[in-house]
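Chemist: Let's see this in three dimensions:
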Amino acid sequence: SLRIKKKNGRYWVSFCYDDAIDEGQLFSQTEHLTELQQHSEEKLQQMVEGVDRGIARPVQTTKSCYDFTSEQKKSLQREETKRKRLQKALRRGKKGSQRREKKKRRIARAYEKQANIRQDFNHKTSKQLVEESGVIIFEDLRTKNMTKRPKAKKDEETGKFIANGAKRKSGLNRAILSVGWYQLELFTQYKAYRANKLCFKISPYQSSQECADCSHTHPDNRKNQELFQCQSCGHQDNADRN
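Modeler: Residues are numbered from 1 along each chain as shown. Now for the predicted structure:
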């Protein structure tokens, strides 16, 4: 099938084709888990790879850290700066004018370029994850809940609104959404399925506080955003990798 569409003032052509993969030969998740139960713990340790998604390190596994290239980071920042400048100019423009419509298209293209960079990163990263691992495990992150706006706060005595950290939270929300955590998860899931490998999610509860060596779990193990140091066995590592 072939499809032609117009987007942001430009024409796009997309096509679909048959790659000859017989999905009847692919395992379901239940069949995968049944097979994994027959393996020893040592073999499972070699097959399984946990994936930690963050902001400072977008994707961290036991073996590798996956991050945007310096060129991609510059491009993302450049398009963000351009978009903000154009949006200020758009507010001053006359409604219905040709120049205002042109600015709208340029803003849409800036968004599109940022989305393309994120998509490129997530496609390449998900491909590497599937190629290097037999079983891939993600934390079951609730991105929608994590990026909610904080509720307004009022002083009980005066009735006036007080600071609620909304500005800091909006910056954190932008950082979370700019990485594309959910998109990476979706890409990895469908690629793992078609490669006859397993991808599933587990609860993130206390995963940042648990020691990878001795399993001791305590809030004091996580010293800061970057450093993990176990209070029981002394194990020290990058917090995301741990």
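
Chemist: Now do the contacts for the spatially most central residue of the chain.
Modeler: Nearest to the mean C-alpha position of the chain, counting by Cα atoms, centre = their mean, stands residue 181 at 1.5 Å. Applying Cβ atoms under 8 Å, 6 or more residues apart in numbering to residue 181 gives the contacts 53, 141, 143. For glycine as for every other residue, the C-beta is placed from the backbone atoms N, C-alpha and C.

Chemist: Return the list of helices and strands in contact with the lengthiest helix in the chain.
Modeler: In the chain, assigned by DSSP state H, the helix with the most residues is helix 98-132. Under the contact definition 3 or more Cβ pairs under 8 Å, 6 or more residues apart in numbering; DSSP states H and E, helix 98-132 sits against strand 48-53, strand 65-66, helix 70-92, helix 166-179, helix 181-194.

Chemist: Let's see that with 7 Å instead.
Modeler: Judged by 3 or more Cβ pairs under 7 Å, 6 or more residues apart in numbering; DSSP states H and E, helix 98-132 is in contact with helix 70-92, helix 181-194.

Chemist: can you count the residues close to residue 51?
Modeler: 22 (other Cβ atoms under 10 Å).

Chemist: my bad, should have said residue 26
Modeler: Neighbour count for residue 26, taken as other Cβ under 10 Å: 14.

Chemist: Could you number the chain from 815 rather than 1 from now on?
Modeler: From this message on, residue numbering opens at 815, which makes the last subject residue 840.

Chemist: Can you find the helix or strand of this structure with the lowest average pLDDT?
Modeler: helix 957-960 (a mean of 76; mean pLDDT, DSSP states H and E).

Chemist: what's the offset of the following helix or strand past that helix from the middle of its chain?
Modeler: Note on helix 957-960: by DSSP states H and E, the next helix or strand toward the C-terminus is strand 967-968. Mean-position distance between strand 967-968 and its chain equals 32 Å (Cα atoms, centre = their mean, to the nearest Å).

Chemist: for strand 967-968, packing partners?
Modeler: Against strand 967-968 (3+ Cβ pairs under 7 Å, 6+ apart) you get strand 975-976.

Chemist: so residue 1052 makes contact with residue 1039?
Modeler: No. Shown here, residue 1052 and residue 1039 do not form a contact pair, counting by Cβ atoms under 7 Å, at 10.0 Å.

Chemist: And the longest helix of the chain, what's buried?
Modeler: Neighbour counts using 16 or more other Cβ atoms under 10 Å place 917-918, 920-921, 923-924, 927-928, 931-932, 935-936, 939-940, 943-944 of helix 912-946 among the buried residues.

Chemist: What lies in contact with stretch 1048-1056?
Modeler: Residues from elsewhere that reach stretch 1048-1056 (Cβ atoms under 7 Å, 6 or more residues apart in numbering): 866, 868, 871, 874, 876, 1022, 1025-1028, 1036, 1039-1043.

Chemist: Check the residues you listed for the minimum pLDDT and say which it is.
Modeler: Ranked by pLDDT, the contacts of stretch 1048-1056 bottom out at residue 1039 (78).

Chemist: Contact partners for it?
Modeler: 870, 1053.

Chemist: cool, residue 967 as well?
Modeler: By Cβ under 7 Å, 6+ apart, residue 967 lies in contact with 975, 976, 978.

Chemist: For it, report the pLDDT, please.
Modeler: pLDDT at residue 967 comes out at 81.
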